[in-house]
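In: got a predicted model here, sequence first, then my questions.
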Amino acid sequence: MGDKMIAKVGKMSGVGLLALLGSTMLVSADVTVEFWHSFGGGSGEALAQIIENFEAENDGITIDAQEIGNYNDIVTKLQAAIPAQRAPDAVIMEVTRYGLFADRGVLKDLTPYVDADPLKDDLFGFAREVGVYEDKNYIVPFNSSTPVLYFNKAIFERAGLSEDTPLNTYDDLLAAAQQITDTLGDEGITGIAAPGQFARWGLIMGNDSDLIDSVSGEILLDAPNTIEAYEFMASLVHEHEVASPDGVTQENNGRDAFLAGRVGMMINSTGNYGRAASSLGDDAVVVPMPCNKVCAVPIGGAGIGILSTSDSEVQDAAYQFISFAASAESNALWFSETGYMPINQQTAQQPLAIEALAEKPGIDVAINQLDFARGRPRPPVVTWMRASEYDLWQAMALGQRDPSEVLTEFAESTRAEAERLER
């Protein structure tokens, strides 16, 4: 979205919170909240159940939930909807992309709501922090995740790999992927899915680097460890041929091939746990991310924000839903059905969560990684950087360009874009 176009959206005006009692507000008339989200399949069904539960307890509030597409689609469509005055009232925003919209006044500052809501004391520290940009709260977390490593136990066994095969370093991943491809390649089975952007971020962090430093904002795209990580990831496709190019040109192809039993390993969000378990049954195994040089993983997922252009009563109703969705009961339903991490400290005590932790092996891996999980940067330039990275990754992974050259140029252009956006 152009700066001038976004700037036309006025900054939020203060909204009286006199009727705010804890996390509940009294809505005086029937209100409909248009809510854009990115969840289909089992995740969409879980969200629908949360919405149904909310509406049953909040007579007069209707949540008009609309599946818009993935996180990229939401950003694109929100950019188009704002000048056309067709923006929703509430929207799922990925945790590194909302800064652009907060910076331009598109998202409402939720700090007064959050400060008055007892919910804030129940959220984990990472969940409280993830929605804060420049000391103001713009989103409340809903689906939080880290990348994890999935593997297909049946494929491992057929390739002569045990279930406890070391998968802790780049070399470990490559060795396992090569053995799978060498043994089962004639059947169209490859060793590992080409890493998607969230997986790439995780592998870079595990190599003791980052794309942009989340604290200082320093651009690290051309740091030696970042370049080394991209060289390794690209080599899986064009040099060692243990990952299919199909997963480079379209990230979901790699995930879908893994779920169909045609790929041995996949690095992806913990939010894919439910789909992997449903597709592969007991053959779906989840283990922590590799720690190539250090143990570090990015916190991903999204939270729900409210549009500053919505009527105040609609904003009140939208926050009432947001608070309900982050409650222990709702979060336990979400966690147990999808595998996204608990964001509420009381979630683990809920019956649905207790049952999931007891009966679903590996669903706790992302939780166990929280000791070395880190938030990611969210300044406006991150949205531009992430959108630009896809084509550059494709050129590197397909062997069309040298990673060191690409990333040096990309770092320079990202620094220039950051300076432009700050003016």
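Out: Alright, I've got the coordinates.

In: quick one: the strands in the chain?
Out: Remark: strands assigned in the chain by DSSP state E are 31-37, 61-67, 90-94, 132-133, 136-137, 140-145, 147-152, 190-192, 263-269, 284-287, 297-298, 300-306, 373-374.

In: most tightly packed of those strands?
Out: strand 190-192 (a mean of 28; mean count of other C-beta atoms under 10 Å). All C-beta atoms are positioned from the backbone trio N, CA, C, and that covers glycine.

In: what are the pairing partners of that one, and which direction each?
Out: Paired strands of strand 190-192, with direction, are strand 263-269 (parallel) (DSSP bridges).

In: quick one: contacts of the partner strand?
Out: Contacting residues not belonging to strand 263-269 are listed as 145-152, 155-156, 159, 167, 173, 176-177, 180, 184, 189-193, 195-196, 198-199, 202-203, 244, 254-255, 257-258, 272, 289, 300-301 [C-beta atoms under 8 Å, 6 or more residues apart in numbering].

In: likewise for stretch 169-181?
Out: Contact partners of stretch 169-181, identified using C-beta under 8 Å, 6+ apart, comprise 151, 155-156, 159-161, 165-167, 189-192, 203, 207, 232, 235-236, 240-243, 264-265, 290-292.

In: can I get the buried part of those residues as one PyMOL selection?
Out: In PyMOL, selecting the buried portion of the contacts of stretch 169-181, with burial taken from 16 or more other C-beta atoms under 10 Å, looks like this:
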select buried, resi 151+155+156+159+161+167+189+190+191+192+203+207+232+235+236+240+241+242+243+264+265+290+291+292
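
In: may I have stretch 85-104 exported as CSV, CA atoms only?
Out: Output for stretch 85-104, consisting of C-alpha atoms alone and laid out as CSV, is shown next (Å, rounded to 0.1, in the frame of the first residue of the first chain):
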residue,chain,number,x,y,z
GLN,A,85,-13.8,1.8,2.1
ARG,A,86,-14.5,-1.9,2.2
ALA,A,87,-12.3,-2.8,5.1
PRO,A,88,-13.5,-5.4,7.6
ASP,A,89,-14.0,-4.6,11.3
ALA,A,90,-11.5,-7.2,12.6
VAL,A,91,-8.7,-9.0,10.8
ILE,A,92,-6.1,-11.7,11.4
MET,A,93,-2.7,-10.2,11.0
GLU,A,94,0.6,-12.2,10.8
VAL,A,95,2.9,-11.1,13.6
THR,A,96,5.6,-9.5,11.4
ARG,A,97,3.2,-7.7,9.0
TYR,A,98,0.9,-5.7,11.2
GLY,A,99,3.5,-3.0,11.9
LEU,A,100,2.9,-1.4,8.5
PHE,A,101,-0.8,-1.0,9.3
ALA,A,102,-0.3,0.1,12.8
ASP,A,103,2.2,2.7,11.7
ARG,A,104,-0.3,4.2,9.2
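
In: flag every buried residue along that stretch.
Out: Neighbour-count burial for stretch 85-104, counted by 16+ other C-beta under 10 Å, picks out 87-104.

In: the bottom helix or strand of the chain by mean pLDDT?
Out: None of the helices or strands of the chain scores lower by mean pLDDT, DSSP states H and E than helix 3-7, at a mean of 36.

In: so which residues of the stretch 301-423 of the chain form helices?
Out: Using DSSP state H, counting those that start in this stretch, the helices of the stretch 301-423 of the chain run over residues 312-325, 328-338, 351-359, 365-368, 380-397, 403-422.

In: and the residue sitting nearest the centre point of the chain, what does it touch?
Out: What sits nearest the mean C-alpha location of the chain, by C-alpha atoms, centre = their mean, is residue 301, with 2.6 Å. Going by C-beta under 8 Å, 6+ apart, residue 301 touches 94, 95, 141, 142, 143, 144, 145, 269, 271, 340, 341.

In: report pLDDT for it.
Out: pLDDT, residue 301: 93.

In: quick one: it from residue 378, how far?
Out: When C-beta to C-beta, to the nearest Å is the yardstick, residue 301 and residue 378 sit 13 Å from each other.

In: mutual contacts of these two, please.
Out: Shared contacts of residue 301 and residue 378, defined by C-beta under 8 Å, 6+ apart, comprise residue 95.

In: how near is residue 177 to residue 161?
Out: Between residue 177 and residue 161 the computed distance is 10 Å (C-beta to C-beta).

In: do residue 423 as well
Out: Here residue 423 is placed at a distance of 54 Å from residue 161 (C-beta to C-beta).

In: what does residue 307 give?
Out: According to C-beta to C-beta, residue 307 and residue 161 sit 50 Å apart.

In: what does residue 54 give?
Out: Here the criterion is C-beta to C-beta. By it, residue 54 lies 46 Å from residue 161.

In: then residue 205?
Out: Counting by C-beta to C-beta, the gap from residue 205 to residue 161 is 26 Å.

In: all set, thanks.
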